[in-house]
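Student: Generate coordinates for the sequence data below:
(2 chains)
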Amino acid sequence: MSVVRVRFAPSPTGLLHVGGARTALFNYLFARACGGTYILRIEDTDKERSTEESVQDLLKSLEWLGLSWDEGPGKGGDLGPYFQTERFDLYNDHIDKLLEAGSAYPCFCTPEDLERERADALKNGQTPKYSGRCRDLSKRDIQQKIDSGITPSIRFKIPLDGEIVFEDLIHGATRFDPSLMGDFVIKRSNGYPTYNFTCVVDDALMKITHVLRGDDHLSNTPKQIILYQALGFELPLFGHLSMILGEDGSRLSKRHGATSVEEFREKGYLPAALTNFLALLGWSPPDRETSENPELLTMEELISFFSLDRVSKTSAILNREKLDWMNGVYLRALSDEEIIELVPELKRSHFFKDDADMVHRYISATRDYYHFLGDVIARIDDFSLWVINKELLTPFKTSAHILLAENFLTLTAEKDSLSTNDAGGLFKELSKRTELKGKDLYHPIRYMLSGKEEGPELIHFLTVLPLKEIRSRIQNSLEFLRES
RNA sequence: GUCCCCAUCGUCUAGGGGUUAGGACACCGCCCUUUCACGGCGGCGGCAGGGGUUCAAAUCCCCUUGGGGACGCCA
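Tutor: Numbering: from 1, shown residues only, chains lettered A, B, ... in the order given. Model prediction:
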């Protein structure tokens, strides 16, 4: 019998930011952890910046992360609609109530006036806040201005006395002096209601119990609280999550590299790695006995361990190296089938076309190198691209190494393929016959086979590539070694 | 400028009066592997500063400093 209802309420003005993703994640985890309901609401009241494309991007990113919502776009729900632009009747009703009660009033100031006042105040070191010029206009004045064709905005009347105190779920007791705030606009002159107002009406009507959102909303909270009170709504609990900052400690922005979930997806990150990493930015699991890395947590584990009292108050810098490491861990843990599914290029590669099993041999030979999805395909070149590397091979133009190559060919002549065991035995036998060992044995073989100094273990090389190809490379190298 | 929030290794964090201040990533070393990667083991490294309170302060209080946020007809 849980009554917890939380929501994530993004505005569709661009791609889903990692900060937003973390807010969504924490709401999701909290809801799942206590059997509550997680709601997605689209805050599209900014007529200029909201786009349908962004809505689709947002939904796509959220789905990709695995943060499915219980109520919202595509899901429905009893307390919809879940797009603010479809809720204007609701907002207007409540604005009328405030107007009737005298808690709100029409404002005829022009944006230019307001901007100038604001700039002046800032310049003179004063607090920029609305002067209240239209607060006490008479009925006649109001009518006159309306008659003259000005469409007013509607402002909410801030009570000038008292103090607003609330208990933040994360920060504890927090207090504000309302007299420091100016009367704020709740309905624009273009008829669109504003954030602070819609947010309150929607959270109340959607019966949200816990408002978990970014720290940047902390100073909006007192305004919203007065609105709740003026509207006669019951207050939800508020919890303000700290911000995510860029590497230099400033607000995360484009110049810090990828900041949107979509960008991370494109760069080859896995959703499970990203959610695990983001969960650790501002939250930590309780201490417990594990032989595993205590920070590697599946979504199920995150849900079972999650609680608000383990959310920290400090802002966090996104540590990309740790994310990269974590992504590698998740990627390497995938099955061959999952990897093949995620990397369609594997199926398309002509390298594997004659040998269906080779893709599996390839993956097991290379998986230790994977950090990003792109790394899976990148290793193919290590095997498929081959030219004689004369520079590497020249020092091995010795009778012993010619003997080595010759014996390699004779010892493999009767075989169709090599197992790991075969390869091990082969090296032993070659060592015996040539009296070469260590560096002198392994390096020349590597150079002959791959033409490179680095690469997967030699044994893998021998098992991944068709033996025919291997023999051909050795044969070609042998001819080079014999040239004087 | 005013108001609000925050302050433990380089980074993410645990710890909330008595701890050798714990873990993760990164870094360094060793091992595994004759490469690289993966993995294992070990190491380096921190309570922003100053005042209180207390037998005892990373922990509680105040100030300073630093960082962030808000002050919009953006959300």
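
Student: which stretches of the stretch 351-484 of chain A have low pLDDT?
Tutor: Counting by pLDDT under 70, the stretch 351-484 of chain A has no low-confidence residues at all.

Student: And the helices in it, which stretches?
Tutor: A:358-366, A:373-378, A:380-384, A:390-393, A:399-412, A:420-434, A:439-450, A:458-464, A:467-482 (DSSP state H, counting those that start in this stretch).

Student: The shortest one packs against which elements?
Tutor: Counting contacts by 3 or more Cβ pairs under 8 Å, 6 or more residues apart in numbering; DSSP states H and E, the secondary-structure elements packed against helix A:390-393 are helix A:439-450, helix A:467-482. Where C-beta positions appear, they are placed from N, C-alpha and C, glycine not excepted.

Student: That one and RNA strand B, any residue contact?
Tutor: No: against RNA strand B, helix A:390-393 shows no contacts by Cβ under 7 Å from any atom of the strand, the least distance being 12.0 Å.

Student: Can you tell me what sits against that helix?
Tutor: The contact list for helix A:390-393, computed with Cβ atoms under 8 Å, 6 or more residues apart in numbering, reads A:P444, A:Y447, A:M448, A:G451, A:K452, A:E453, A:S477, A:F480, A:L481.

Student: if we go to 7 Å?
Tutor: Helix A:390-393 is touched from outside by A:Y447, A:M448, A:E453, A:S477, A:F480, A:L481, with contacts defined as Cβ atoms under 7 Å, 6 or more residues apart in numbering.

Student: Looking at the residues you listed, spot the one nearest A:Y369.
Tutor: For the contacts of helix A:390-393, the residue nearest A:Y369 by Cβ to Cβ is A:E453; the value is 15.3 Å.

Student: Report the contact partners of the closest one.
Tutor: So A:E453 contacts A:L392 (Cβ under 7 Å, 6+ apart).

Student: Would you pull up the residue in chain A closest to RNA strand B?
Tutor: Chain A approaches RNA strand B most closely through A:G438 (1.3 Å), counting by Cβ to the nearest atom of the strand.

Student: can you tell me how far that residue sits from A:D203?
Tutor: Per Cβ to Cβ, to the nearest Å, A:G438 is found 70 Å from A:D203.

Student: Tell me which residues touch the most centrally placed residue in chain A, please.
Tutor: Central residue of chain A (Cα atoms, centre = their mean): A:V261, 3.8 Å from the mean position. Contacts of A:V261 were listed using Cβ under 7 Å, 6+ apart, and they are A:L15, A:L16, A:V18, A:A21, A:S61, A:L65.

Student: Which ChimeraX command selects the buried ones in the residues you listed?
Tutor: In ChimeraX, a selection of the buried entries from these looks like this (16 or more other Cβ atoms under 10 Å):
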select /A:15,16,18,21,61,65
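
Student: Show me what from the stretch 351-484 of chain A comes close to RNA strand B.
Tutor: So far as Cβ under 7 Å from any atom of the strand goes, the stretch 351-484 of chain A lies against RNA strand B at A:368-369, A:437-443, A:453-458.

Student: most neighbours per residue, which of the helices and strands packed on helix A:390-393?
Tutor: Greatest average neighbour count among the helices and strands packed on helix A:390-393 goes to helix A:439-450 (a mean of 19), per mean count of other Cβ atoms under 10 Å.

Student: Tell me which other helices or strands it touches.
Tutor: helix A:390-393, helix A:399-412, helix A:420-434, helix A:458-464, helix A:467-482 (3 or more Cβ pairs under 7 Å, 6 or more residues apart in numbering; DSSP states H and E).

Student: hmm, back to that, put together CSV for the helices and strands packed on helix A:390-393, with distance to A:E345 on each row.
Tutor: Listed next are those as CSV, based on distance: least, Cβ to Cβ, whole Å:
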stretch, distance to A:E345
helix A:439-450, 21
helix A:467-482, 21
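
Student: just for the stretch 101-250 of chain A, where's the confidence low?
Tutor: For the stretch 101-250 of chain A, no range has pLDDT under 70.

Student: which residues of it fall in helices?
Tutor: A:111-123, A:139-147, A:195-205, A:221-231.

Student: Select, out of those, the one closest to A:L403.
Tutor: The stretch from the helices of the stretch 101-250 of chain A with the least distance to A:L403 (Cβ to Cβ) is helix A:195-205; that distance is 79.7 Å.

Student: and the direction of the closest one versus that of helix A:221-231, what angle?
Tutor: 60 degrees (axes from the mean of the first three to the mean of the last three Cα atoms, to 10 degrees).

Student: is any part of helix A:195-205 close to RNA strand B?
Tutor: Yes: part of helix A:195-205 sits near RNA strand B under the criterion Cβ under 7 Å from any atom of the strand, namely A:Y195, A:N196.

Student: ok so, going back, so which of the helices of the stretch 101-250 of chain A is the most surrounded?
Tutor: Mean neighbours per residue, mean count of other Cβ under 10 Å, is largest over these for helix A:195-205, with a mean of 22.

Student: Distance from the chain centre to that helix, please.
Tutor: In terms of Cα atoms, centre = their mean, to the nearest Å, the centre of helix A:195-205 is set 27 Å apart from its chain centre.

Student: What lies in contact with it?
Tutor: So helix A:195-205 is in contact with A:41, A:43, A:45, A:79, A:84, A:87, A:90-91, A:94, A:184, A:186, A:211, A:220, A:223-224, A:227-228, A:231, A:233, A:236, going by Cβ under 7 Å, 6+ apart.

Student: Can you turn the buried part of the residues you listed into a PyMOL selection?
Tutor: Selection of buried members from the contacts of helix A:195-205 for PyMOL, criterion 16+ other Cβ under 10 Å:
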select buried, chain A and resi 41+43+45+84+87+90+91+94+184+186+211+220+223+224+227+228+231+233+236
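
Student: check the contacts of helix A:195-205 against RNA strand B, which are close?
Tutor: Within the set of these, contact with RNA strand B (Cβ under 7 Å from any atom of the strand) is found for A:E43, A:T45, A:F184, A:N220.

Student: Pull the most distant pair out of those residues.
Tutor: A:E43 and A:F184 (16.6 Å).

Student: Show me which residues of the stretch 51-200 of chain A are close to RNA strand B?
Tutor: A:107-111, A:114, A:118, A:122, A:125-130, A:152-153, A:171-172, A:174-177, A:180-182, A:184-185, A:188-190, A:192, A:194-196.

Student: Among these, which lie within strands?
Tutor: The strands in this structure, assigned by DSSP state E, contain A:C107, A:S153, A:G172, A:T174, A:R175, A:F176, A:F184, A:V185 from those.

Student: how close does the fourth one sit to A:V311?
Tutor: As for A:T174, its distance to A:V311 is 15 Å (criterion: Cβ to Cβ).

Student: and A:E435, how many neighbours does it have?
Tutor: Look at A:E435: counted by other Cβ atoms under 10 Å, it has 11 neighbours.
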